[in-house]
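Engineer: From the sequence below, what's the structure:
(one chain, ligands or ions: 1)
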Amino acid sequence: MSSTKKNWPKLPLGIRLLIAAHSMSVDAFSRNDGSAVNRRLMNLFDPKASPSRKPDNGVVSSDIVVDTTRKLWFRLYSNTTTAGKMFVPIVVYFHGGGFAYMAANSMSYDDLCKRLAREIPAVVVSVNYRLSPEHRYPSQYEDGFDVLKFIDNPDFEGFSAFGNTDTSSSKAFFIAGDSAGGNLAHHVALKACQHQFSRLKLRGVIALQPFFGGEERTESELKLAGAPLISVKRTDWMWKAFLPHGYNRDHQVVLILYKIGRENMWRD
Ligand SMILES: *[C@@H]1O[C@H](CO)[C@@H](O)[C@H](O)[C@H]1NC(C)=O
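Structural biologist: Just a heads-up that it's a prediction; the model follows:
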């Protein structure tokens, strides 16, 4: 263990304390067998932000409900400077959190998506998918894909109501996400490639530190075995909480990109 320790990045004390507190809360509020998360307690550590109709440094946002029965919604961000004046693509964003934590309205992800809408010429759609272990695979993938179908529907006028975007009928979009959101981005994009959208046109996938694994340890899992925040113990818990009962980490949606073929995509 001690020999691997020196590979860890050197972090400032404040960040280290924050990580330690967060790690303790994640462990304390998540049952070992991957069966439950104490949401009420967890939410204390995950402050939420409201959407903002008033421009915040140029960016406005609003929440749009897709399906009330499963509480599926997304937050739409657009830059008032560019809205209506130029063509901008859509970035559909999936937040991280091991499929089990965080939300589209988590303050940190609200900040990130606002920043994206501010700094890149794009309208951002941040998906609030259902979380594990209450909802296991493939709920998260289904929610992601259903949001694509929802914004593809010409009846959805959210983009024009936001003063967005192109005048043509087709809408270019990218699918992006970090960590578990990167895994979601990858699999939802594979599915999107097989689907005939009426106006959406997929242009690319942006997977930031995407969460993949397998029963066989990856190089980074070995290197960072006992690392703070994202330890192997915690990522194992995340997969266990996410996969349906009876599956191990050799499930096709877990395996790292180079180990899966295109044909091994998630199907519903
Ligand atoms: C978004 O709005 C801000 C503030 O008005 C502006 O400075 C920025 O250039 C805009 N971003 C883009 C990508 O157009």
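Engineer: how about A100, secondary structure?
Structural biologist: Three-state call for A100 (DSSP: H, G, I helix; E, B strand; the rest coil): coil.
Engineer: quick one: it and A185, what's the gap?
Structural biologist: Per C-beta to C-beta, to the nearest Å, A100 is found 17 Å from A185. For the C-beta atoms, the positions are set from N, CA and C on the backbone; glycine is no exception.
Engineer: Which residue of these two possesses the greater neighbour count?
Structural biologist: Between A100 and A185, counting by other C-beta atoms under 10 Å, A185 is the more crowded of the two (25 against 22).
Engineer: where's the more buried one, which helix or strand?
Structural biologist: Here A185, judged by DSSP states H and E, is contained in helix 180-193.
Engineer: ok, residues contacting that helix?
Structural biologist: With contact meaning C-beta atoms under 8 Å, 6 or more residues apart in numbering, helix 180-193 is reached by 92-99, 129, 140-141, 144-145, 148, 175-177, 200, 202, 205-212, 238, 242, 253, 257, 262, 265-266.
Engineer: Does stretch 118-134 reach the ligand?
Structural biologist: Yes. Residues of stretch 118-134 contacting the ligand under C-beta under 6 Å from any ligand atom: R118, E119, I120, P121.
Engineer: In helices only, show me those.
Structural biologist: Cross-referencing the residues of stretch 118-134 next to the ligand against helices under DSSP state H gives R118, E119.
Engineer: Now list the buried members of the residues of stretch 118-134 next to the ligand.
Structural biologist: Buried by 16 or more other C-beta atoms under 10 Å: nothing, out of the residues of stretch 118-134 next to the ligand.
Engineer: Is it possible to get a markdown table of the residues of stretch 118-134 next to the ligand that adds distance to Q194?
Structural biologist: Listed next are those as a markdown table, based on distance: C-beta to C-beta, whole Å:
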| residue | distance to Q194 |
| --- | --- |
| R118 | 33 |
| E119 | 32 |
| I120 | 27 |
| P121 | 28 |
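Engineer: Next, give phi and psi for the residue lying closest to S106 once chain neighbours are set aside.
Structural biologist: Leaving aside its sequence neighbours, S106 sits nearest to D46 (C-beta to C-beta, 6 or more residues apart in numbering; 5.4 Å). Note on D46: backbone dihedrals following degrees, to the nearest 10 are phi -130, psi 70.
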